[in-house]
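Colleague: Sequence first, then the predicted structure, then my questions.
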Protein chains: 2
Amino acid sequence: MNIFEYQEIYRANLLDSVVPFWVNNSEDKEYGGFFTCLDEKGEVYDTDKFMWLQCRQIWTLSMLYNQVEKKQEWLDMAIRGAEFVKNNGRDAEGNWYFSLTREGKPITQPYNIFSDCFAAMGFAQLYTATKNEEYKAIALNTFYNILKKRNDSKGIYNKQVPGTRPLQSFSLPMILCNLVLELEHILKPELVEETIQLGIHSVMDVFYKPEFGLILENVAPDGSFVDSFEGRLVNPGHAIESMWFIMDLASRAGDKQLIKKAVDITIDTIEYGWDRQHGGIFYFLDVKGNPPQQLEWDQKLWWVHIEAVISLLKGYYFTGDERCWQWFEKIHAYIWKHFVDDRNGEWFGYLNRRGEVLLPAKGGKWKGCFHIPRGLYQGWKVLQAIEEKRSVLHR
Amino acid sequence: MNIFEYQEIYRANLLDSVVPFWVNNSEDKEYGGFFTCLDEKGEVYDTDKFMWLQCRQIWTLSMLYNQVEKKQEWLDMAIRGAEFVKNNGRDAEGNWYFSLTREGKPITQPYNIFSDCFAAMGFAQLYTATKNEEYKAIALNTFYNILKKRNDSKGIYNKQVPGTRPLQSFSLPMILCNLVLELEHILKPELVEETIQLGIHSVMDVFYKPEFGLILENVAPDGSFVDSFEGRLVNPGHAIESMWFIMDLASRAGDKQLIKKAVDITIDTIEYGWDRQHGGIFYFLDVKGNPPQQLEWDQKLWWVHIEAVISLLKGYYFTGDERCWQWFEKIHAYIWKHFVDDRNGEWFGYLNRRGEVLLPAKGGKWKGCFHIPRGLYQGWKVLQAIEEKRSVLHR
């Protein structure tokens, strides 16, 4: 397939299948906010409102408005969603709940700092679209709150006995690498730089372990390896996703060596995580080859594969490394064979090891309107940029 | 296969394969306690000590000593395990931690009341074997603590916002139905009767829902159905296991109608949970047929299947219902084809939907020396009892 054909596939899947699926099916017109538990055809099967996904959908609709087309329908839907979470989503200290009832009553306490991360991300993107200062303030206050909580993000909900086996987790430093660029337009430059430096250091020097050639999910406070279920855990999708965050930061700083390192880690992680028997990238692995505690370890998840597409295309765009293009084609083929649902739109989220649909829903507690539209948009645009670079070179 | 052959299979698998596997491989001779993370061949791959499994192994070894043979090796190993958890396993208030390091330092706080349940069970059984009053006191104090905490078992670790969607969970009332008989010899008769009545009421009148013909995992405080992920959850293995607890209580009270009801629910749940395509009983289902949130929903787990064997054999013993025998033979065949490892002993714990081994380990964070030896012992003895009943009838 040539590059134009790929571009068109990503654009069309985004605008003709995925975005309409959410726009047509997810809005709760009675209470506000979004239904994310949508079955194969888009019917609502559960009405709880999970804050990760509420805020991520606000982000996606705003991003599409900001980047693709000034469609009033997208912006209005983002604003209605934002008003719902603004009015219902936080406790008295400004921490974001994990979930609400359909009507907006809190169900699950703010034990999870990633609700805050996606709230900051959504409101910052919506601020760009609206210039509404209230949204900017929510994004900023939430971001400051994240920084304040970052070293003890679980707070009173932490079940670990202090001192016995302290661990630091990859997820937050990783997300901050992306979040800081999402909020760059509203943060002080020094805070941006500081957060970026810390983020790059965390990902590349603390969680990336040269002795394994892999990124670990949990390490000791001093960065050393901990031989426990948590310490041995590898989440290839997380590692691969973080590499395009790093490429974005490295590109901004003009750091070609860092880009190359991120490309190498992307390739190494995909080669490590790829299922040679059935194709697709595993969800969880144990770095010492032991059985992981996650029973879903061998499943193939939507976000892992679309994030791999982004990292590979960015890697190819920045470096021209042919391994990136080859893996992109292989993973693209896997995705279009197994995940994409031509009949009812959107993608299936959860496949078993063999690539068969495990759960037919298009959305749920963790899958909403985010990774796929973000990845399709990025794929489309990076493919365009690759093509433009080529034509400049061949001019 | 005739009934003698089945008996011999259960006896031999228990005493020649499963018990030796744990006796030979699981003891930590340096620090005390048991390794439960054992790979296919019995090699230790993780040294953390999970309190559920420590206490369950104490129970199993003591039970074997009490019921099968006065083997000093079993009793000594149970005592050494008990000394380790006695010295390391509880916080200052007597709550049992969830896990310890190999050396015995607490890792995970006592957020989980089932650690207490299995501690009470283990120490009560060990008291029977040793008549050591200290073990009796630990069992009793832990049991009283469970009763004290039963209405707010997660305490400060509860992530649900109070009042929005209160739920009661099936696990604790279910386990109490078994635990009360395990502790009958050390409890006041009135407390035994009261706990039994409450247990039977909970299981049969609150969590069993005639409108579905099934037991739900979570219901509202008034027992009504809650249409949420938690409220729709069916765990067929749990429901099936609880039915032999109920049969034991009903048999003790001579309540034939209750036995018959438990047999009917066993059969209905197996027929509902059976995978008609690949065989085996599903792990989780949504009572409305929606996608469950548990990604491992379609897997086939060791404990579900051995618990089904117990309920079916007891059901057959008490009622002679032919459906019990037919399902017993079907599930027995599935187990011996898929779970039992003739090469290295013990059973595999986790199979994928097709019945292929998903994780080759024989033990881990949740699988130890408990369900299988308990079930094999019960299978062996109930098969003997069925045979004796038959010979009396035909005399």
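Modeller: Yep, that arrived.

Colleague: In the longest helix along chain A, which residues are buried?
Modeller: In chain A, with assignment by DSSP state H, the single longest helix is helix A:371-393. Within helix A:371-393, the residues scored as buried using 16 or more other CB atoms under 10 Å in any protein chain shown are A:371-384, A:386-387. From N, CA and C alone the C-beta is placed, and that goes for glycine too.

Colleague: next one: that helix to chain centre, how far?
Modeller: Relative to its parent chain, helix A:371-393 has a centroid offset of 18 Å by CA atoms, centre = their mean, to the nearest Å.

Colleague: mean confidence for it?
Modeller: Averaged across helix A:371-393, the pLDDT comes to 95.

Colleague: could you say what helices and strands that helix packs with?
Modeller: Where contact means 3 or more CB pairs under 8 Å, 6 or more residues apart in numbering or on different chains; DSSP states H and E, helix A:371-393 is packed against helix A:3-12, helix A:51-67, helix A:302-319.

Colleague: Contacts for it, please.
Modeller: A:3-4, A:6-7, A:10-11, A:13-14, A:18-19, A:22, A:60, A:63-64, A:67-68, A:244, A:302-303, A:306-307, A:309-310, A:313-314, A:316-317, A:346-347 (CB atoms under 8 Å, 6 or more residues apart in numbering or on different chains).

Colleague: Emit the ChimeraX select command for whichever of those residues are buried.
Modeller: Listed next is the ChimeraX selection for buried residues among the contacts of helix A:371-393, using 16+ other CB under 10 Å:
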select /A:6,7,10,11,13,14,18,19,22,60,63,64,68,244,302,303,306,307,309,310,313,314,316,317,346,347
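
Colleague: on that earlier part again, tabulate the helices and strands packed on helix A:371-393 (TSV), appending mean pLDDT and distance to A:Lys105.
Modeller: Converted to TSV, the helices and strands packed on helix A:371-393 look like this (pLDDT from 0 to 100; distance: least, CB to CB, whole Å):
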stretch	mean pLDDT	distance to A:Lys105
helix A:3-12	97	39
helix A:51-67	98	13
helix A:302-319	98	29
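
Colleague: Flag every residue of the stretch 201-350 of chain A that's near chain B.
Modeller: Contacts of the stretch 201-350 of chain A with chain B, taken as CB under 8 Å from any CB of the partner chain, map to A:227-229, A:288, A:290-293, A:295-299, A:350.

Colleague: Turn the residues you listed into a markdown table, columns for secondary structure, neighbour count and pLDDT.
Modeller: What follows is those, written out as a markdown table (DSSP: H, G, I helix; E, B strand; the rest coil; neighbours: other CB atoms under 10 Å in any protein chain shown; pLDDT from 0 to 100):
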| residue | secondary structure | neighbour count | pLDDT |
| --- | --- | --- | --- |
| A:Asp227 | coil | 13 | 98 |
| A:Ser228 | coil | 17 | 98 |
| A:Phe229 | helix | 21 | 98 |
| A:Lys288 | coil | 13 | 98 |
| A:Asn290 | coil | 19 | 97 |
| A:Pro291 | coil | 24 | 96 |
| A:Pro292 | coil | 23 | 97 |
| A:Gln293 | coil | 19 | 96 |
| A:Leu295 | coil | 22 | 98 |
| A:Glu296 | coil | 19 | 98 |
| A:Trp297 | coil | 21 | 98 |
| A:Asp298 | coil | 21 | 98 |
| A:Gln299 | coil | 22 | 98 |
| A:Tyr350 | strand | 22 | 98 |
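
Colleague: Sketch out the low-pLDDT regions of chain A for me.
Modeller: Scanning chain A for pLDDT under 70 picks out A:395.

Colleague: quick one, helices of it?
Modeller: A:3-12, A:19-25, A:51-67, A:72-88, A:113-130, A:133-149, A:171-182, A:189-201, A:229-232, A:236-253, A:256-273, A:302-319, A:322-338, A:371-393.

Colleague: Which secondary structure elements does the first one sit against?
Modeller: Right, the one you point to is helix A:3-12. By 3+ CB pairs under 8 Å, 6+ apart, helix A:3-12 packs against helix A:371-393.

Colleague: Okay, angle between the helix it packs on and helix A:3-12 too, please.
Modeller: Angle of helix A:371-393 versus helix A:3-12, following axes from the mean of the first three to the mean of the last three CA atoms, to 10 degrees, is 150 degrees.

Colleague: then helix A:371-393 to PDB, C-alphas only?
Modeller: The C-alpha trace of helix A:371-393 is given here as PDB (Å, rounded to 0.1, in the frame of the first residue of the first chain):
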ATOM      1  CA  HIS A 371      -6.900   6.600  22.100                       C
ATOM      2  CA  ILE A 372      -8.300   5.600  18.700                       C
ATOM      3  CA  PRO A 373      -9.300   9.100  17.500                       C
ATOM      4  CA  ARG A 374      -6.100  10.600  18.800                       C
ATOM      5  CA  GLY A 375      -4.100   7.900  17.100                       C
ATOM      6  CA  LEU A 376      -6.000   8.000  13.900                       C
ATOM      7  CA  TYR A 377      -5.500  11.800  13.800                       C
ATOM      8  CA  GLN A 378      -1.800  11.500  14.600                       C
ATOM      9  CA  GLY A 379      -1.400   8.700  12.000                       C
ATOM     10  CA  TRP A 380      -3.100  10.700   9.300                       C
ATOM     11  CA  LYS A 381      -1.100  13.900  10.000                       C
ATOM     12  CA  VAL A 382       2.300  12.200  10.500                       C
ATOM     13  CA  LEU A 383       1.700  10.200   7.200                       C
ATOM     14  CA  GLN A 384       1.100  13.600   5.500                       C
ATOM     15  CA  ALA A 385       4.300  15.000   7.100                       C
ATOM     16  CA  ILE A 386       6.300  12.000   5.900                       C
ATOM     17  CA  GLU A 387       4.900  12.500   2.400                       C
ATOM     18  CA  GLU A 388       5.800  16.200   2.500                       C
ATOM     19  CA  LYS A 389       9.300  15.500   3.700                       C
ATOM     20  CA  ARG A 390       9.700  12.900   0.800                       C
ATOM     21  CA  SER A 391       8.500  15.400  -1.800                       C
ATOM     22  CA  VAL A 392      10.900  18.000  -0.500                       C
ATOM     23  CA  LEU A 393      13.800  15.600  -0.600                       C
END
